[in-house]
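Asker: Sharing a sequence plus its predicted fold:
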Amino acid sequence: MTLPLAPPYAPMEALLVDEIPEGENWQYEPKWDGFRCLAFRDGKKVELQSKSGQPLTRYFPEVVATLAALKASKFVLDGEIVVPVGDRLSFDDLLLRIHPAESRIRKLALASPASLIVFDLLVDVDGASIVDRPLKDRRKKLEAFARKFVKGRKGIFLSPMTRDAKRAKEWFRMVGGGLDGVVAKALDLEYRSGERSGMQKVKSLRTADCVVGGFRYGSGSKDVGSLLLGLYGEDGKLHHVGFTSGLKGDRRELTKTLEKLVGGAGFTGRAPGGPSRWSTERTGEWKPLKTKLVVEVRYDYFSGGRFRHGTKLLRFRPDKSPKQCTLKQVETESRSASLALL
């Protein structure tokens, strides 16, 4: 590529904070629930890169086609790849796209096409890097880029922004349906590749009481590595919804406690699956337990019948009955028609 920036290029990241910062020097944006993506266009060539520097190009051919169709022939955009389903964004449909078979990817691209929501411009249409310019200048250039090349097109959107903290807090209250939180960015700051400074994010964190339906030993260890979590559905069955591995205290003692409960029914509904393309471990090896233990965990998002990421163990809850641990705790009504913000 002849662009001044080329993949792999580390995107600027946000520091997780508890409250939305306020002041005249902040710009606020919705935090979208998708895959972070840097998009590089140099003539006819388009490349997509993930937050970790890995190529995404082959997984999202429709996004590549959208960017290749823009009349601007040079640019680098920072944004988020999402999959709209109705008026929501579906992270589960997004995950399906990371698939080894090209035929499967093409089929999914037609059935549930992805879009790119852009929120920063790193290389302008003249092929010049603007990462050293303050955000307020880059935003002006991005908005001009969007007006000229993006407006009215399918598959690419300009992310909204506000400098009103009250409006940002309204967005935060809308978390759900594809909105993951709020990002605050310092207006006078240049783009700091790979750093977590001058950019902050606030995410909605929730808690739930879960039954320990099983456990796995740690890799190469005789001690517990993770607890498998379950919630009861309206069908009366215990469904596997995720795991927690940040275990505190004496793991050996906890392992003894768990081993005494081995032999129960464990998950009577959805159970942990076999080997996964997301893990190199043999994820099918787990021990079902009698449903006696309840834990309280913190999670960031629940979707598709499971916790999106690993949860954080807060405490054991001997005061809670396992039957109180139901899916109703986490099946919150979506408060956000996310795409209405675009």
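Answerer: Received it, and whenever you're ready, just let me know what you need. Since we're looking at a predicted model, the values are computed, not measured. Residues are numbered from 1 along each chain as shown.

Asker: Strands of the stretch 1-150 of the chain, start to end?
Answerer: 15-16, 26-32, 35-42, 45-50, 74-82, 84-85, 88-89, 115-123 (DSSP state E, counting those that start in this stretch).

Asker: Turn those into TSV, columns for mean neighbour count.
Answerer: (Glycine included, C-beta is placed from N, CA and C.) Formatted as TSV, the strands of the stretch 1-150 of the chain follow (neighbours: other C-beta atoms under 10 Å):
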stretch	mean neighbour count
strand 15-16	12
strand 26-32	23
strand 35-42	22
strand 45-50	19
strand 74-82	24
strand 84-85	18
strand 88-89	23
strand 115-123	24
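
Asker: Least reliable of those by average pLDDT, please.
Answerer: Out of the strands of the stretch 1-150 of the chain, strand 88-89 stands lowest, with a mean of 84 (criterion: mean pLDDT).

Asker: what pairs with that one, and is each one parallel or antiparallel?
Answerer: strand 84-85 (antiparallel) (DSSP bridges).

Asker: so where do the strands sit in the stretch 151-300 of the chain?
Answerer: Under the criterion DSSP E, counting those that start in this stretch, the stretch 151-300 of the chain contains strands at 156-158, 179-186, 199-203, 206-217, 224-232, 238-244, 287-288, 294-299.

Asker: between those, which one is nearest to Phe91?
Answerer: Closest approach to Phe91 among the strands of the stretch 151-300 of the chain (C-beta to C-beta): strand 179-186, 9.0 Å.

Asker: Outside of stretch 210-220 itself, list whatever touches it.
Answerer: 223-232, 238, 240-241, 243, 251, 255, 258, 266-267, 272, 281, 283, 285-289, 291, 293-297, 322, 325 (C-beta atoms under 8 Å, 6 or more residues apart in numbering).

Asker: Please check those residues and keep the buried ones.
Answerer: Among these, those scoring as buried are 224-232, 238, 240-241, 243, 251, 255, 258, 266-267, 272, 286-289, 291, 293-297, 322, 325 (criterion: 16 or more other C-beta atoms under 10 Å).

Asker: Which pLDDT value does the model give the nearest residue to Leu289 once chain neighbours are set aside?
Answerer: Closest residue to Leu289 apart from its sequence neighbours, by C-beta to C-beta, 6 or more residues apart in numbering: Leu261 at 4.4 Å. Leu261 carries a pLDDT value of 96.

Asker: Leu261: how many residues sit nearby?
Answerer: 18 (other C-beta atoms under 10 Å).

Asker: so how far is Thr255 from it?
Answerer: 11 Å (C-beta to C-beta, to the nearest Å).

Asker: swap in Leu96?
Answerer: Leu96 is 36 Å from Thr255, by C-beta to C-beta.

Asker: between the strands of the stretch 151-300 of the chain, which gets nearest to Arg138?
Answerer: Checked against C-beta to C-beta, the stretch from those lying closest is strand 179-186, at 9.9 Å.

Asker: From the opening residue of stretch 171-183 to its closing one, how far?
Answerer: 10 Å (C-alpha to C-alpha, to the nearest Å).

Asker: swap that for stretch 84-95, sorry
Answerer: Terminal-residue distance, stretch 84-95 (C-alpha to C-alpha): 13 Å.

Asker: Report the distance from that stretch to the chain centre.
Answerer: Computed by C-alpha atoms, centre = their mean, to the nearest Å, the chain-centroid distance of stretch 84-95 equals 11 Å.

Asker: ok, now stretch 237-251?
Answerer: 20 Å.

Asker: got the CA coordinates for that stretch in PDB?
Answerer: What follows is stretch 237-251, C-alpha atoms only, in PDB (Å, rounded to 0.1, in the frame of the first residue of the first chain):
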ATOM      1  CA  LYS A 237     -34.800 -27.000  32.900                       C
ATOM      2  CA  LEU A 238     -31.300 -25.700  33.900                       C
ATOM      3  CA  HIS A 239     -29.700 -24.200  30.900                       C
ATOM      4  CA  HIS A 240     -26.000 -23.500  30.500                       C
ATOM      5  CA  VAL A 241     -25.400 -19.800  30.100                       C
ATOM      6  CA  GLY A 242     -21.700 -19.300  30.500                       C
ATOM      7  CA  PHE A 243     -18.700 -19.600  32.800                       C
ATOM      8  CA  THR A 244     -16.600 -17.800  35.300                       C
ATOM      9  CA  SER A 245     -12.900 -18.500  35.800                       C
ATOM     10  CA  GLY A 246     -11.700 -15.600  38.000                       C
ATOM     11  CA  LEU A 247     -11.800 -17.800  41.100                       C
ATOM     12  CA  LYS A 248     -10.500 -16.300  44.400                       C
ATOM     13  CA  GLY A 249      -9.300 -18.100  47.500                       C
ATOM     14  CA  ASP A 250      -8.100 -21.700  47.900                       C
ATOM     15  CA  ARG A 251      -8.800 -23.500  44.700                       C
END
